[in-house]
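Novice: show me the folded form of this:
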Amino acid sequence: MAELKISVNRLQLGNYVKLPVNWGDHPFLFSNFKIKSQEQIDVIRNLGLKHVTIVPDKSDNLPLAVDTPVAIPSNEQTDAAKAMEAELWQQKQKRIEELKNYRRQLQKCEKDFAKSMSQVRSVMGKILNRPLTAISEATELIESMAESLMSTDNSVLHLMSESKETEALYYHSLNVSVLSMMLGKASGCSLEEIKMLGLGSLFHDIGQIKLPSKIVRGVGNLNQAEQNLYQMHCNYAIELLQLVEDFPEAAKTIILQHHEYADGSGYPAKLKGDQIDKLAQMVALVNRYDNICHPTDIRQAKIPYQALSIMFKQQAKLFNKDNLGRLIKLLGIYPPGSVVQLSSGQVGMVMSVASDRLLFPKVLVFDPAVPRTEAPIIDLEAAELSIEKVIKPQSLPPNVHEYLNPRVRTSYYFEHDEK
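Specialist: Next comes the predicted model:
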């Protein structure tokens, strides 16, 4: 049923209402919401509105009949409505301040991510001609990230801005490093082991630079001879790193084994189960996740929610089950980057997941009444909302897609609070 413009006197509980005023001119957190109390109706009436729009398909009830007598509110009802309005304004102001703080944290995280990406570019640009300098810079970057990660009891995983497809290797390497180190921490690894996870992850695909670009770009559509050549990138990486005498053996093992799988179907040595180094098992898991989200053939890309579902339901035999469970817990049921529909009927995109509050991520919500640069990013627990389902970005209406700006490449970085 189409949207209906009705008199405010016809509103009742369960109506999904759209307020025809600017977001800053009413006390509600959203301009579109489902009415849950009579006091909310009274507050809407006190705004001086004569008409509002309701969405029947999102409503629990139809509006009151046109000829329904208008009840004159009692003094008690008027006082209750005023009290609620004052409380709503107070809550809204608090949420605005929280949103400002969150955006500041996100901006800091974006700067840290951009700095790390710049360092990764520098490292990758020097690895062939100045390997000692490249390894030194990489070690410094990973040590800094690992120490930051270990300095907090609770980590927050944020969705970063869109990446450049021409730098896919750089973004992939950093993404796998970030998630592998976080997985290592969740698994109880020591600081030194987490550093090895980061260093091994950063260089896990470095051997690809010795392969023809058409082989690297064609992964998934290669004949057997080309697949055999592609699989040599693990060995090529070790050959490159032999130029650096003090490159850690633990990191080399990760690089060599990052395509080995628990059922023996991996390469280059077809190792099984515990024959695979424990840190390499973690990197292989994270690498697989990122490759499912970002395959060389973009048409085969899966959204984060789908990627985790595929790994859990179809590929679990490839991985250590404890590692897989921890990765799912780390990313949350709805990983950052997931486009979701909320219990309110609104559509949004998951922006951040905290390790101690996985069921209540931060979600950027589509609200046409609010400019995109000021779009509400809400804490689901505080807003008493839940996620009902995941939506494929390509199914979004153009205006919603433009507003939410779902990422083609999903990159993550962590923000932390010092102990």
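Novice: mind checking pLDDT for residue 162?
Specialist: Reported pLDDT at residue 162 in the predicted model: 63.
Novice: for the worst-scoring helix or strand of the chain on mean pLDDT, which strands pair with it and how are they oriented?
Specialist: Within the chain, no helix or strand scores below strand 412-416, which has a mean of 80 by mean pLDDT, DSSP states H and E. Using DSSP bridges, strand 412-416 pairs in its sheet with strand 155-159 (antiparallel).
Novice: show residues contacting the partner strand.
Specialist: Applying CB atoms under 8 Å, 6 or more residues apart in numbering, the set of residues contacting strand 155-159 from outside is 105-106, 109, 149, 182, 185, 330-331, 336-337, 349-355, 407, 410-416. For every residue, glycine as well, the C-beta is placed using N, CA and C.
Novice: so how far is the longest strand along the chain off the chain centroid?
Specialist: In the chain, ranked by residue count with DSSP state E as the criterion, the top strand is strand 347-354. Relative to the mean C-alpha coordinate of its chain, strand 347-354 is positioned 6 Å out (CA atoms, centre = their mean, to the nearest Å).
Novice: which neighbouring elements make contact with it?
Specialist: helix 75-126, strand 155-159, strand 339-342, strand 362-365, helix 398-404 (3 or more CB pairs under 8 Å, 6 or more residues apart in numbering; DSSP states H and E).
Novice: partner strands of the third one, parallel or antiparallel?
Specialist: Sheet neighbours of strand 339-342, with direction, are listed as strand 347-354 (antiparallel), strand 387-390 (antiparallel) (DSSP bridges).
Novice: quick check on residue 17: phi, psi?
Specialist: In terms of degrees, to the nearest 10, the main-chain angles of residue 17 are phi -110, psi 150.
Novice: that one reaches residue 53, doesn't it?
Specialist: Yes - assessed by CB atoms under 8 Å, residue 17 is found in contact with residue 53 at 7.1 Å.
Novice: pull the number of nearby residues for residue 28.
Specialist: By other CB atoms under 10 Å, 19 other residues sit near residue 28.
Novice: which residue is the nearest non-sequential neighbour of it?
Specialist: Nearest residue to residue 28 in three dimensions, chain neighbours excluded: residue 88, at 6.3 Å (CB to CB, 6 or more residues apart in numbering).
Novice: for this structure, which spans come out with low pLDDT?
Specialist: 1, 162-166, 416-419 (pLDDT under 70).
Novice: helices of that one, start to end?
Specialist: 38-46, 75-126, 131-150, 168-186, 191-202, 213-217, 224-230, 233-241, 249-257, 278-293, 304-313, 321-331, 380-383, 398-404 (DSSP state H).
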